[in-house]
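next come a sequence and a model predicted from it.
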Amino acid sequence: MRRCIPISKENQINEEIRDKELRVIDEDGTMLGVMSRAEALDLAAERNLDLVNISPNANPPVCKILDYGKYRYDLQKKEKEAKKKQKTTEVKEIRLSTFIEDHDIKVKANTASKFLKEGDKLKVSLRFRGRERDYVEKGKEVMNRFAGFLDDVGVVEKPSVFEGRSLIMIMAPKQEKPEKKEPSSE
């Protein structure tokens with residue numbers, strides 16, 4: 001019999017398979033039918049391949065004759081490719097102040113729009129220091145003006161809310177809606 005590689009416990013291979021009857025599939029995908037465990041192991045040994053239990057919950061369990069090392073390698077490659085295609089969103093932060101000038105808001109809005117265009121979320125915070133706490137309405141007005149500059153690239157996901165001494169607002173990139181195709185008259 002060939003090797004019994006305990007790389008992972010995802011699939012049972014060769015002698016690890018304990019079921020008496022198995023539905024066996026050839027290495028090229030042809031169904032060989034239902035046979036005993038011993039027959040299937042002998043068939044795999046003849047071909048110098050492994051017997052791998054690919055569907056243990058089926059009745060009878062489905063086993064495939066294949067090269068287990070190559071099978072694991074292909075699975076790892078697929079997982080790696082899937083991981084590459086995933087997009088992770090980061091949360092970038094922009095800090096404003098209560099008495100910020102229009103030009104400064106525009107500069108920060110330009111920076112924020114770059115973040116949103118890259119697909120990142122944006123946390124806008126405005127910290128009240130000392131007596132600035134008396135000007136909460138002014139702070140909310142600054143936040144609304146800032147959100148107004150970013151209307152074309154982002155949407156307010158969470159409106160400005162107090163957290164401690166700060167006003168916090170969360171913005172997300174605007175999702176572009178796919179254009180609806182008009183039904184063609186044929």
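Yes, it's here.

tell me which other helices or strands the lengthiest strand in the chain touches.
The residue-count maximum for a strand in the chain (DSSP state E) belongs to strand 154-163. Packing partners of strand 154-163 (3 or more C-beta pairs under 8 Å, 6 or more residues apart in numbering; DSSP states H and E): helix 102-117, strand 121-127, helix 136-149, strand 166-173. All C-beta spots, glycine's among them, are computed from the backbone N, C-alpha and C.

just the buried residues of that strand, please?
The neighbour-count check on strand 154-163 (16 or more other C-beta atoms under 10 Å) flags 154, 156, 160 as buried.

name every strand pairing with that strand and say which way it goes.
Under the criterion DSSP bridges, strand 154-163 sits next to strand 166-173 (antiparallel) in its sheet.

now do the strand it pairs with against helix 136-149, angle only.
With axes from the mean of the first three to the mean of the last three C-alpha atoms, to 10 degrees as the basis, strand 166-173 and helix 136-149 are set at 10 degrees to each other.

which residues are contacting strand 166-173?
Residues outside strand 166-173 that contact it (C-beta atoms under 8 Å, 6 or more residues apart in numbering) are 91, 112, 116-117, 119-128, 136, 139-140, 143, 146-147, 150, 153-162.

again with stretch 130-139
Residues contacting stretch 130-139 (C-beta under 8 Å, 6+ apart): 98-99, 126, 128, 160, 162, 165, 167.

what of stretch 63-78?
The contact list for stretch 63-78 (C-beta under 8 Å, 6+ apart) reads 5, 7-8, 11, 13, 17, 22-27, 40, 43-44, 47, 49-54.

follow-up on the earlier one: wait, which of the buried residues of strand 154-163 is closest to Val62?
Val62 lies nearest to Gly154 out of those, by C-beta to C-beta, at 49.4 Å.
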